[in-house]
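Novice: Sequence plus predicted model, see below.
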Amino acid sequence: MAVLIPAANERRSIEAKLANTLASDYPREKMEVIVASDGSTDGTDEAVRAFGDPSVKLIALATA
């Protein structure tokens, strides 16, 4: 199962959202969490990279 979390400048809440998502009853080894960061400038991308869970992936989208 893949969970997509769209984010734009969500630094204040992204870690809690990731922790909450990973705390579900779904088997951890079958879960992939993808954060699509839409040009975040507040440290959201860095927080996702530093989260430290291999099932969490970041797609950092550039702003135009």
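Specialist: That came in fine, so what should we check first? Predicted model only: the values in this text are computed from it and were never measured.
Novice: Now the terminal residues of stretch 39-47, how far apart.
Specialist: Start-to-end span of stretch 39-47 (CA to CA, to the nearest Å) is 14 Å.
Novice: With stretch 47-59 instead?
Specialist: Looking at stretch 47-59, the gap from its leading to its trailing residue is 13 Å under the measure CA to CA.
Novice: all strands for this protein, in order.
Specialist: Listed in chain order, the strands of the chain (DSSP state E) span 2-7, 32-38, 56-61.
Novice: and the ones you listed, which is most packed in?
Specialist: With neighbours taken as mean count of other CB atoms under 10 Å, these reach their highest mean count in strand 32-38, at a mean of 18. Just so you know, the C-beta spots here come from the backbone N, C-alpha and C atoms, and that holds for glycine as well.
Novice: Strand partners (parallel or antiparallel) of that one?
Specialist: Strand 32-38 has the following sheet partners, assigned by DSSP bridges: strand 2-7 (parallel), strand 56-61 (parallel).
Novice: contacts for the first one?
Specialist: For strand 2-7, the surrounding residues in contact (CB atoms under 8 Å, 6 or more residues apart in numbering) are 14, 17-18, 21, 31-38, 40, 44, 48.
Novice: okay if I get the strands of the chain as TSV plus distance to Tyr26 and mean pLDDT?
Specialist: Output for the strands of the chain, formatted as TSV (distance: least, CB to CB, whole Å; pLDDT from 0 to 100):
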stretch	distance to Tyr26	mean pLDDT
strand 2-7	9	96
strand 32-38	11	96
strand 56-61	14	96
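Novice: Turn the ones you listed into a markdown table, including distance to Asp25.
Specialist: Listed next are the strands of the chain as a markdown table, based on distance: least, CB to CB, whole Å:
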| stretch | distance to Asp25 |
| --- | --- |
| strand 2-7 | 13 |
| strand 32-38 | 15 |
| strand 56-61 | 18 |
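Novice: So, low pLDDT: which residues of this protein?
Specialist: Where the chain drops to pLDDT under 70, the residues are 63-64.
Novice: Helices of that one, start to end?
Specialist: 11-22, 44-50 (DSSP state H).
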